[in-house]
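*Asks:* whatever this is, show me its structure:
(2 chains)
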Amino acid sequence: QQQVKQSPQSLIVQKGGISIINCAYENTAFDYFPWYQQFPGKGPALLIAIRPDVSEKKEGRFTISFNKSAKQFSLHIMDSQPGDSATYFCAAVNRGSTLGRLYFGRGTQLTVWP
Amino acid sequence: DAGVTQSPTHLIKTRGQQVTLRCSPKSGHDTVSWYQQALGQGPQFIFQYYEEEERQRGNFPDRFSGHQFPNYSSELNVNALLLGDSALYLCASSPDRVRYNEQFFGPGTRLTVL
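*Replies:* Numbering: from 1, shown residues only, chains lettered A, B, ... in the order given. Below is the predicted model of the structure:
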């Protein structure tokens, strides 16, 4: 049972465009939602994260939008660059009870072409 | 700071064999989690070790076992290998299990079962 559903599976964006990746969850006990970036041959690295009491968080070109009532959240990459080409995973965690067990989406392979 | 290190990088085994993967956590971290990432999928939680004991376990059979040493390093053992065990095995470490902290992932060990 996939606790976090992620779409699309793959995404191709032109340089300078906006990349949007969507995720949805069911478990209302989740209270922290990180996004990870993974390059080939590397482990996932934390990109940006949000708590459910915040509707939006922005760090540079990366923005998370969070809709608690819909149990959905999304990652927006503004002015996408070829160096952003990687696999992106959304994740969810219940910090109180599971102490760090991450539930990942299936991932989105982003390709930004010049 | 070397970050999270894992060995070996790649491993090829045949069905029925046993394998041991190793992880050294980031300096100052005492909690180690293991994840399995099948091709094209998000990482799936296997188990977490703290104070040399397994504290949490995901939905994996008993063929998967682990160990944590006094220096916080950890091993993942898989017995009676199946073709479906072929995956990237990721180790993640974090400090202070008392409260949630960001997990840092290693580069992983690519296991191929023939």
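*Asks:* quick check, residue A:83 in a helix?
*Replies:* Yes. Residue A:83 sits within a helix when classified using DSSP: H, G, I helix; E, B strand; the rest coil.
*Asks:* report pLDDT for it.
*Replies:* With respect to pLDDT, residue A:83 has a value of 97.
*Asks:* just residue B:71 next, same as before
*Replies:* For residue B:71, the predicted pLDDT is 95.
*Asks:* sec struct for it, please.
*Replies:* coil.
*Asks:* count of neighbours near it?
*Replies:* 9 (other CB atoms under 10 Å in any protein chain shown). For glycine as for every other residue, the C-beta is placed from the backbone atoms N, C-alpha and C.
*Asks:* quick check: closest non-adjacent residue to residue A:104.
*Replies:* Nearest non-adjacent residue to residue A:104, counting by CB to CB, 6 or more residues apart in numbering or on different chains: residue B:42, 3.2 Å away.
*Asks:* please apply the same query to residue A:78.
*Replies:* Nearest residue to residue A:78, sequence neighbours excluded (CB to CB, 6+ apart): residue A:61, at 4.6 Å.
*Asks:* got the contact list for that neighbour?
*Replies:* A:77, A:78, A:79, A:80 (CB atoms under 8 Å, 6 or more residues apart in numbering or on different chains).
*Asks:* swap in residue A:86?
*Replies:* Counting by CB under 8 Å, 6+ apart, residue A:86 makes contact with A:37, A:38, A:39, A:109, A:110.
*Asks:* list the contacts for the fourth one?
*Replies:* Spelled out, that is residue A:109. By CB under 8 Å, 6+ apart, the neighbours of residue A:109 are A:9, A:10, A:11, A:86, A:87.
*Asks:* show me which of the contacts of residue A:61 are buried.
*Replies:* For the contacts of residue A:61, a burial check counting by 16 or more other CB atoms under 10 Å in any protein chain shown picks out A:77, A:80.
*Asks:* any chance of the contacts of residue A:61 in CSV with pLDDT and secondary structure as columns?
*Replies:* Output for the contacts of residue A:61, formatted as CSV (pLDDT from 0 to 100; DSSP: H, G, I helix; E, B strand; the rest coil):
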residue, pLDDT, secondary structure
A:77, 98, strand
A:78, 98, coil
A:79, 98, coil
A:80, 98, coil
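*Asks:* between the contacts of residue A:61, which is closest to residue B:58?
*Replies:* Closest approach between the contacts of residue A:61 and residue B:58, by CB to CB: residue A:77, at 29.9 Å.
*Asks:* now for residue B:93, how many residues are close by?
*Replies:* When neighbours are counted by other CB under 10 Å, residue B:93 registers 26.
*Asks:* cool, thanks, signing off.
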